[in-house]
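Chemist: generate a structure from the sequence data that follows.
(chains A, B, C and D)
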There are 2 protein chains.
Amino acid sequence: MDADAVIDHDAPTPVYAQLAAILRARIERGDWQPGRRIMSEAQLVQAYGLARETTRKAVRVLIEDGTLFTVPGRGTFVAEPSETSP
Amino acid sequence: MDADAVIDHDAPTPVYAQLAAILRARIERGDWQPGRRIMSEAQLVQAYGLARETTRKAVRVLIEDGTLFTVPGRGTFVAEPSETSP
DNA sequence: ATAGATTTGTTCGTATGTATA
DNA sequence: GTATACATACGAACAAATCTA
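Modeler: This next block holds a predicted model:
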């Protein structure tokens, strides 16, 4: 999926999965480097016009596959490549 | 069968098969494009005045021949032509 | 040291849609 | 025709951790 792709609410793919793919593409493209903080949940909501729980679910997908990790009160960060694909 | 055909409860053809033919005609006519969502089950029930299980059976016919596919929580979608007739 | 702002974590509720009995 | 279950999506509210002024 393209990094600048737009959310399609009528597509078969769930919105949260679309956003997860977009974020993954932006990370692979280098928009956010390993160890760096990505947009906050509020910024994701604003940028993609989604509900907070939907953006959180997208982030959770990337957390579960080792791409991102969160720090309460700090933000959401890009994991080191070694942690993603050893 | 015509896309605007009406269900005939007294015809030899089962009602679910009539509806399946109607939906197939509407798809072939372009009412719903590949990858797009068709009416929900509730809308089909409302539009054609049938029981829910009858509309589900009609949809199942088109799923089994590769015309449609469903995504829980999302809806029923038109398959890509390549998936229908390779 | 305190207050406020920011950010993630959690818990409700509502609505829609398919799956199953 | 009803009921239950599960998945998706949106909305609101509050708590906890962190940072800044």
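Chemist: tell me the contacts of the closest residue in space to A:A42 that isn't next to it in sequence?
Modeler: In this structure, A:A42 finds its nearest non-sequential neighbour in A:R52, 7.7 Å apart by Cβ to Cβ, 6 or more residues apart in numbering or on different chains. Just so you know, the C-beta spots here come from the backbone N, C-alpha and C atoms, and that holds for glycine as well. Each residue near A:R52 by Cβ atoms under 8 Å, 6 or more residues apart in numbering or on different chains is listed here: A:E41, A:A42, A:V45.
Chemist: repeat for A:H9
Modeler: Listed by Cβ under 8 Å, 6+ apart, the contact set of A:H9 reads A:V15.
Chemist: if you set the cut-off to 6 Å instead, what comes out?
Modeler: A:H9 makes contact with no residue, according to Cβ atoms under 6 Å, 6 or more residues apart in numbering or on different chains.
Chemist: look up phi and psi at it.
Modeler: As for A:H9, its main-chain torsions (degrees, to the nearest 10) stand at phi -70, psi -10.
Chemist: for the contacts of A:R52, give me CSV that also has secondary structure.
Modeler: Shown next, in CSV, are those (DSSP: H, G, I helix; E, B strand; the rest coil):
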residue, secondary structure
A:E41, helix
A:A42, helix
A:V45, helix
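Chemist: quick check: pLDDT value at the residue nearest to A:A42.
Modeler: Predicted confidence (pLDDT) for A:R52: 95.
Chemist: what do you get for A:V61?
Modeler: A:V61 is given a pLDDT of 95.
Chemist: cool, A:T84 as well?
Modeler: 47.
Chemist: and what of A:D10?
Modeler: For A:D10, the predicted pLDDT is 89.
Chemist: who's in contact with the residue in chain A positioned nearest to chain B?
Modeler: With Cβ to the nearest Cβ as the measure, A:P12 is the residue of chain A nearest to chain B, at 4.6 Å. For A:P12, the contact set (Cβ under 6 Å, 6+ apart) comprises B:V71, B:F77.
Chemist: can you confirm it is in a strand?
Modeler: No: looking at A:P12 with three-state DSSP, it is coil, so not inside a strand.
Chemist: what does chain A put close to DNA strand C?
Modeler: A:40-43, A:52-53, A:56, A:70-76 (Cβ under 7 Å from any atom of the strand).
Chemist: near DNA strand D, from those residues?
Modeler: Of the residues in those, proximity to DNA strand D by Cβ under 7 Å from any atom of the strand holds for A:R52, A:E53, A:V71, A:P72, A:G73, A:R74.
Chemist: can you get me a residue count around the third one?
Modeler: The number of residues packed near A:V71 is 9, by other Cβ atoms under 10 Å in any protein chain shown.
Chemist: fine by me, we can end here.
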